[in-house]
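Asks: the following comprises the amino acid sequence and a computationally predicted model.
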Amino acid sequence: MISLIKAALGSVATVCAHAHPNGLLHSHLKVLTAGLKTLEIPPNYSDVVLPDKPKLTFMNKVPNLKKVQKEMKKLRDIQGPTQTANTFTTGQYAIVAMGGGYLRWGHIEMMRLTINRKTDSRTTFALWRFSAPYKPITRKGLGQRMGGGKGAIDHYVTPIRFGRLIVEVGGKVELAEVEKVLTEVAKKLPFPAKVMSRETLEAFHQAQADLEKNNQNPWTFRKIARGNMLGIRKVLSPFDLKNHGRFTGKFYFPGRV
Amino acid sequence: MAATLCGKLLPKKACDRVFVPGWLPLTQSIRHGSKAVTRHRKPMHFIKQKLMAVTQYIPPKPAAPRGAYADETTVVKEQESPLMRLLKRDLEGIFRDCKMVAVAQNNGSTSDDMVMLKYRFQKHGIMVKFFPNQVMRSFLSESIYSNMAPLFIGPTVLLVSKEPKVKEMLSTLRVTQQMVLLGACIDNTLMSTQGLASYAKLPSVTVVQGQLVSGLNTLASQTSALLQRHPAHLTALLQQYVAQQAEAEEAT
């Protein structure tokens, strides 16, 4: 009887031993309490529709014209702020020009290749916000003297004004993902450019409006130029009447009101 | 600078019932040099530079200079997650039901130690609770127990019980190496470790009541004991009392 009990106890003991083979390990387990980390809810992209062709399309170096004609320089197509293509269409983030300049085919190819290579076409799409080069730029041959007529067409360019969107990017992405690529591209453009989202562009315009509203200076450029006070129009251009001293040539002065 | 001297009135149009005032300037200078739009930054005419300087933006001046008054710190209301709300509800229940809420610092106790500790506490009806400090602090700031907030720094543990079993808790904690008692709130009274020790040394309510009753009865019992003894003892005591009174009178 006792032997039976002993045997039973013995078996129980062994069972216990087997039940906790890692008994030694358990004793070293520290007591850790769960913290309280609140995570941000990721953005909802359910309403974002990706277009059929999410990549940037190829642009021609030369326009397809029957009659090729030389054109005057007309540098006023760089001057001042843009009236077209200064708002977003379908995208969320864009490269915005902060000055005037001409975009050549080389710049366009650089943009197209970099953006197409570095963005994932399953989640991001990009589109051009300017047309292919159409303005002919002429060059005379090397070492030629003045005169002898206008030079031959060398290449074509697209004029870009301040405030124009260059490339618009959208899709199921946040700004941080796309910003790196776009700043890379923006640095290589022939004019100063910034990466902006819809909110930041609005904030930019709002900041300018606030400057105008909160200006304590009773003398503004607009007032003095319009009234031709002190005959200042002798040193001003007719464009200064429209641009109120915020632009000269192709350059933009930030902080001018 | 080449100039042509010519001044003439503006050309009259065919439909000319109204006289158009105006005239073209006498001199027309041929401008030369760089164009309006250049690659380089064109040097601005000095008068225009002056104009740009005069028409600069002047920001509005604040009423008091910066640094005169302390910046108003905006209190950012933390976003309460549903888990936080749940934990706060639990805390509310604990503070409502339990008379004793003690805070101890738990320094690296293993799961084995915790199991043993919980078992020892369970025998006296004390429960060991874990709550994140963040939740604790936000709950305390909104409740009447806001003075307990400084206790909750570091890895803390709540020891709660319905009845204030201080002696048993202290004895158990004395044995454990990892737990350090920081303070407790017993019957809505915040106590430090020393206060708790003295509280533990207090006798129970019945004992205190008995002591009070016996104190009140000492007078009657003493007088009865005196009367029961030999009257000589009583007279000697009275004589000594009279002598003391006389001394006191002489002194005043």
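Replies: Yes, it's here. Numbering: from 1, shown residues only, chains lettered A, B, ... in the order given.
Asks: do stretch A:232-250 and chain B meet at all?
Replies: Yes - Stretch A:232-250 is in contact with chain B by CB under 8 Å from any CB of the partner chain, via A:232, A:234-237, A:239, A:245, A:248-250. No exception for glycine: its C-beta is placed from N, CA and C like everyone else's.
Asks: closest one of those residues to residue A:138?
Replies: For these, the residue nearest residue A:138 by CB to CB is residue A:250; the value is 19.7 Å.
Asks: residue contacts, residue A:136?
Replies: A:68-71, A:153, A:155-156 (CB atoms under 8 Å, 6 or more residues apart in numbering or on different chains).
Asks: endpoints of stretch A:71-89, how far apart?
Replies: Stretch A:71-89 has an end-to-end distance of 32 Å (criterion: CA to CA, to the nearest Å).
Asks: for stretch A:182-190, list every residue counted as buried.
Replies: For stretch A:182-190, the neighbour count (16 or more other CB atoms under 10 Å in any protein chain shown) marks A:182, A:185-186, A:189-190 as buried.
Asks: average pLDDT for it?
Replies: Taken as a whole, stretch A:182-190 has a mean pLDDT of 97.
Asks: then stretch B:181-190?
Replies: Regarding stretch B:181-190, the rounded mean pLDDT is 92.
Asks: cool, stretch B:140-155 as well?
Replies: On average, stretch B:140-155 scores 92.
Asks: now do the strands in the chain.
Replies: This is for chain A. A:93-97, A:101-103, A:124-128, A:135-139, A:152-160, A:165-171, A:193-197, A:247-248, A:251-252 (DSSP state E).
Asks: other chain: chain B
Replies: All strands of chain B, identified by DSSP E, fall at B:3-5, B:27-29, B:100-106, B:126-129, B:156-161, B:179-186, B:189-191.
Asks: what lines up beside the last one in the sheet?
Replies: Right, the one you point to is strand B:189-191. Looking at strand B:189-191 with DSSP bridges, its partner strands are strand B:179-186 (antiparallel).
Asks: circling back to that earlier point, so of the contacts of residue A:136, which two are at opposite extremes in space?
Replies: A:69 and A:155 (14.9 Å).
Asks: low-confidence bits of the chain, can you list those?
Replies: If you meant another chain, say so; for now it's chain A. For chain A, the stretches flagged by pLDDT under 70 are A:1-28, A:34.
Asks: um, chain B though
Replies: B:1-18, B:29-31.
Asks: how about the residues of it near chain A?
Replies: Counting by CB under 8 Å from any CB, chain B sits next to chain A at B:35-38, B:41-42, B:44-45, B:47-48, B:51-52, B:54-61, B:79, B:81, B:83-84, B:87, B:106, B:108-114, B:130, B:132, B:134-135, B:155.
Asks: quick check: which of the strands of chain B is nearest to residue A:115?
Replies: Among the strands of chain B, strand B:27-29 sits nearest to residue A:115 (CB to CB), with 49.0 Å.
Asks: for chain A, what's its nearest residue on the stretch 151-252 of chain B.
Replies: Per CB to the nearest CB, residue B:155 is where the stretch 151-252 of chain B lies closest to chain A, at 7.6 Å.
Asks: give the contact list for residue A:234.
Replies: Applying CB under 8 Å, 6+ apart, we find residue A:234 in contact with residue B:47.
Asks: same thing with residue B:139?
Replies: Going by CB under 8 Å, 6+ apart, residue B:139 touches B:88, B:91-92.
Asks: quick one: closest of the strands of chain B to residue B:246.
Replies: Among the strands of chain B, the nearest to residue B:246 by CB to CB is strand B:189-191 (49.9 Å).
Asks: now the helices for the stretch 1-150 of chain A?
Replies: Assigned by DSSP state H, counting those that start in this stretch, the helices in the stretch 1-150 of chain A fall at A:2-19, A:23-27, A:105-118.
Asks: so for residue A:69 and residue A:155, which sits in the more crowded spot?
Replies: Using other CB atoms under 10 Å in any protein chain shown, the more surrounded residue of residue A:69 and residue A:155 is residue A:155, with 16 against 7.
Asks: distance of the closest residue to that one other than its chain neighbours from chain B?
Replies: Residue nearest to residue A:155 in three dimensions, not counting chain neighbours: residue A:137, with 5.6 Å by CB to CB, 6 or more residues apart in numbering or on different chains. Separation of residue A:137 from chain B (CB to the nearest CB, to the nearest Å) stands at 13 Å.
Asks: so what's the residue count around residue A:137?
Replies: Around residue A:137 there are 16 other residues, counting by other CB under 10 Å.
Asks: re earlier: if I look at the closest residue in space to the residue of the stretch 151-252 of chain B closest to chain A that isn't next to it in sequence, how far off is residue B:180?
Replies: Nearest residue to residue B:155, sequence neighbours excluded (CB to CB, 6+ apart): residue B:106, at 5.1 Å. Residue B:106 is 8 Å from residue B:180, where distance means CB to CB, to the nearest Å.
Asks: quick one, which of the two is more surrounded?
Replies: residue B:106 (20 against 15).
Asks: quick check: residues of chain A near chain B?
Replies: Contacts of chain A with chain B, taken as CB under 8 Å from any CB, map to A:26-31, A:33-36, A:38, A:75-76, A:78-79, A:100, A:211, A:214-217, A:219-221, A:224, A:232, A:234-237, A:239, A:245, A:248-251, A:255-257.
Asks: got a quick ChimeraX command for the buried subset of the residues you listed?
Replies: Those of those that count as buried under 16+ other CB under 10 Å are selected in ChimeraX with:
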select /A:31,75,78,79,100,215,220,221,224,232,235,236,237,245,248,249,250,251,256,257
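Asks: excluding its backbone neighbours, what's nearest residue A:89?
Replies: residue A:168 (6.5 Å).
Asks: what bridges to the one you found?
Replies: Bridge pairing for residue A:168 - DSSP bridges - gives residue A:94, residue A:127.
Asks: surely it meets residue A:85?
Replies: No - using CB atoms under 8 Å, residue A:168 is not in contact with residue A:85; the gap is 9.4 Å.
Asks: what's the overlap in contacts for those two?
Replies: What both residue A:168 and residue A:85 touch, as defined by CB under 8 Å, 6+ apart, is the set residue A:129.
Asks: measure residue B:143 to chain A for me?
Replies: Separation of residue B:143 from chain A (CB to the nearest CB): 18 Å.
Asks: show me what contacts that residue?
Replies: Residue B:143 is in contact with B:92, B:95, counting by CB under 8 Å, 6+ apart.
Asks: picking that back up, wait, what's in contact with the residue nearest to residue B:155?
Replies: By CB under 8 Å, 6+ apart, the contact list for residue B:106 reads A:31, B:155-157, B:178-179.
Asks: the lengthiest helix in chain B packs against which elements?
Replies: Among the segments of chain B that qualify as a helix by DSSP state H, the longest is helix B:205-228. Contacts defined by 3 or more CB pairs under 8 Å, 6 or more residues apart in numbering or on different chains; DSSP states H and E place helix B:205-228 against helix B:231-251.
Asks: how far does the helix it packs on sit from the chain's center?
Replies: Distance, stretch centre to chain centre, for helix B:231-251: 63 Å (CA atoms, centre = their mean, to the nearest Å).
Asks: likewise for stretch A:174-193?
Replies: 5 Å.
Asks: what do you get for stretch A:145-155?
Replies: Mean-position distance between stretch A:145-155 and its chain equals 37 Å (CA atoms, centre = their mean).
Asks: residues in contact with it?
Replies: Here stretch A:145-155 has contacts from A:61, A:68, A:70, A:104-105, A:133, A:136-141, A:144, using CB under 8 Å, 6+ apart.
Asks: drop anything exposed from these.
Replies: The neighbour count (16+ other CB under 10 Å) marks A:104-105, A:133, A:136-137 as buried among those.
Asks: burial count for residue B:19?
Replies: Applying other CB under 10 Å, we find 7 residues neighbouring residue B:19.
Asks: from chain A, how far off is it?
Replies: From residue B:19 to chain A the distance is 23 Å (CB to the nearest CB).
Asks: thanks a lot, see you next time.
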